[in-house]
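Undergrad: coords below, sequence missing:
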């Protein structure tokens, strides 16, 4: 007959064995974790009324002719050219198989599916089949702003005029204003940069790549995020450290300002090689030499001088270190559409 001690040991062994088998084969509900695909499927079911058409992986292969034409490559995966049954050309972004828990995929679908604006790229469909994830967008024949604004060749056919750069700047501002205030659900992009501004056949700018975007309640001002998100050089100070202020839509304003000032500096390279600003923080240099720079960059054309001045002054306002000192995107649009006579330079407080 077994003693009480032996029974206890046997029971303990049975518990250990049962726990091992349960963990090994996923029988314990508190040990099991939803696979990324399951989490995404659940998200898609809850948002079925807003997300665009779903395609199979076979459909994606067919529309891209087995991924014959690659348009670009990035950390997220690759983009291929394709066409739908009705003849519309599309850009198919194939996300890498190792895209974590699917957060970027869901962000993209959730964000763009809620938008409808001439300056925001249109998501036409998506694919989710096993580990295969794809996002299908309207095709932008002129690529990204990065391709045009930041060429090193002053005689290149890719060099945009000041007038066209200004139109791109104001179009992007309108798109951001819509995301911040015009949507039913407010959207903060968190990755505004030249690479994510796409240009259609008429060079109309469209904001793209919502993988880092944050959906917010309309009345919500401060945003909570885990870790810094965005691209170095365009990330607002408060995203790095709370000592600068709270994270909000003003973080996009900062990124927009840095992009506009980079557009200005990249367009005019006459001052880059032989002037005294090459070793100085460029926004600070612009602040100190605004009048001379505007006249030099525009070749003494009055109208162009005004456009350049608007871009610089607005850019300097947008990159103020303290978020509350920056304008809203609504105010940015007003400044760009208004007269330069009403534009004042911001306080000389820049992050160098």
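TA: Cool, the structure landed. Not measured: the values here are computed from a predicted model.
Undergrad: per-residue confidence for the closest residue in space to residue 172 that isn't next to it in sequence?
TA: Counting by Cβ to Cβ, 6 or more residues apart in numbering, residue 205 is the residue found nearest to residue 172 once chain neighbours are left out, at 4.8 Å. For the C-beta atoms, the positions are set from N, CA and C on the backbone; glycine is no exception. For residue 205, the model assigns a pLDDT of 97.
Undergrad: any idea how far residue 205 is from residue 197?
TA: 5 Å (Cβ to Cβ, to the nearest Å).
Undergrad: any common contacting residues for the two?
TA: 145, 168, 172 (Cβ atoms under 8 Å, 6 or more residues apart in numbering).
Undergrad: what's the span of stretch 67-85, first residue to last?
TA: 16 Å (Cα to Cα, to the nearest Å).
Undergrad: which parts of that stretch are buried?
TA: By neighbour count on 16 or more other Cβ atoms under 10 Å, the buried set for stretch 67-85 is 71, 76, 77, 79, 80, 81, 82, 84.
Undergrad: Which parts of the stretch 151-300 of the chain are helices?
TA: 162-177, 237-240, 250-267, 282-288, 290-298 (DSSP state H, counting those that start in this stretch).
Undergrad: Same question for the second one: list its buried residues.
TA: Yep, that's helix 237-240 we're talking about. 237, 238, 239.
Undergrad: Which strands and helices lie in contact with that helix?
TA: Counting contacts by 3 or more Cβ pairs under 8 Å, 6 or more residues apart in numbering; DSSP states H and E, helix 237-240 packs against helix 250-267.
Undergrad: pLDDT of the helix it packs on, averaged?
TA: 92.
Undergrad: same question, stretch 285-302
TA: Per-residue scores along stretch 285-302 average to 81.
Undergrad: Any idea how far that stretch is from the middle of the chain?
TA: Centroid displacement of stretch 285-302 relative to its chain, using Cα atoms, centre = their mean, to the nearest Å, is 30 Å.
Undergrad: Check which residues of that stretch are buried.
TA: 285, 286, 287, 289, 290, 293, 294, 295, 296, 297, 298.
Undergrad: Redo those residues as a markdown table? Include distance to residue 309.
TA: Listed next are those as a markdown table, based on distance: Cβ to Cβ, whole Å:
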| residue | distance to residue 309 |
| --- | --- |
| 285 | 15 |
| 286 | 10 |
| 287 | 12 |
| 289 | 12 |
| 290 | 7 |
| 293 | 9 |
| 294 | 5 |
| 295 | 10 |
| 296 | 12 |
| 297 | 10 |
| 298 | 9 |
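Undergrad: and residue 283, how far is that from residue 309?
TA: Taking Cβ to Cβ, one finds residue 283 at 14 Å from residue 309.
Undergrad: Same check on residue 137?
TA: Taken as Cβ to Cβ, the span from residue 137 to residue 309 is 35 Å.
Undergrad: swap in residue 142?
TA: Residue 142 is 27 Å from residue 309, by Cβ to Cβ.
Undergrad: The two: who's more crowded?
TA: residue 309 (19 against 16; other Cβ atoms under 10 Å).
Undergrad: and the spatially closest residue to residue 329 that is not a sequence neighbour, how many neighbours does it have?
TA: Here the nearest residue to residue 329 in space, its sequence neighbours aside, is residue 177; by Cβ to Cβ, 6+ apart that works out to 4.0 Å. Number of residues near residue 177 (other Cβ under 10 Å) recorded here: 20.
Undergrad: Report the contact partners of residue 177.
TA: 328, 329, 330, 332, 333.
Undergrad: out of those, which are buried?
TA: Buried among the contacts of residue 177 by 16+ other Cβ under 10 Å: 328, 329, 332, 333.
Undergrad: Same list as before, the helices of the stretch 151-300 of the chain that is, but in a markdown table and with distance to residue 184 included.
TA: Output for those, formatted as a markdown table (distance: least, Cβ to Cβ, whole Å):
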| stretch | distance to residue 184 |
| --- | --- |
| helix 162-177 | 15 |
| helix 237-240 | 25 |
| helix 250-267 | 18 |
| helix 282-288 | 35 |
| helix 290-298 | 40 |
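Undergrad: out of the ones you listed, nearest to residue 214?
TA: helix 250-267 (9.5 Å; Cβ to Cβ).
Undergrad: tell me which element residue 137 falls in.
TA: Following DSSP states H and E, the helix or strand that holds residue 137 is strand 132-138.
Undergrad: Residues in contact with that strand: which ones?
TA: Contacts for strand 132-138 (Cβ under 8 Å, 6+ apart): 40, 52, 55, 57, 60, 63, 82, 88, 90-95, 97, 99, 102, 105, 108-109, 121-127, 208.
Undergrad: repeat for stretch 83-96
TA: Contacts of stretch 83-96 (Cβ under 8 Å, 6+ apart): 60, 63-64, 67, 71, 76-82, 104-105, 124, 132-141.
Undergrad: how about a cut-off of 6 Å?
TA: Stretch 83-96 has contacts (Cβ atoms under 6 Å, 6 or more residues apart in numbering) with 64, 76-80, 82, 133-137, 139.
Undergrad: which among the shared contacts of residue 205 and residue 197 gets closest to residue 233?
TA: For those, the nearest to residue 233 is residue 145 (14.7 Å; Cβ to Cβ).
Undergrad: which regions of the stretch 101-250 of the chain sit below the pLDDT cut-off?
TA: 101, 103, 149-158, 217-222, 224-228 (pLDDT under 70).
Undergrad: can you pull out the strands in it?
TA: Secondary structure of the stretch 101-250 of the chain (DSSP state E, counting those that start in this stretch): strands at 123-129, 132-138, 186-188, 197-199, 205-207, 214-216.
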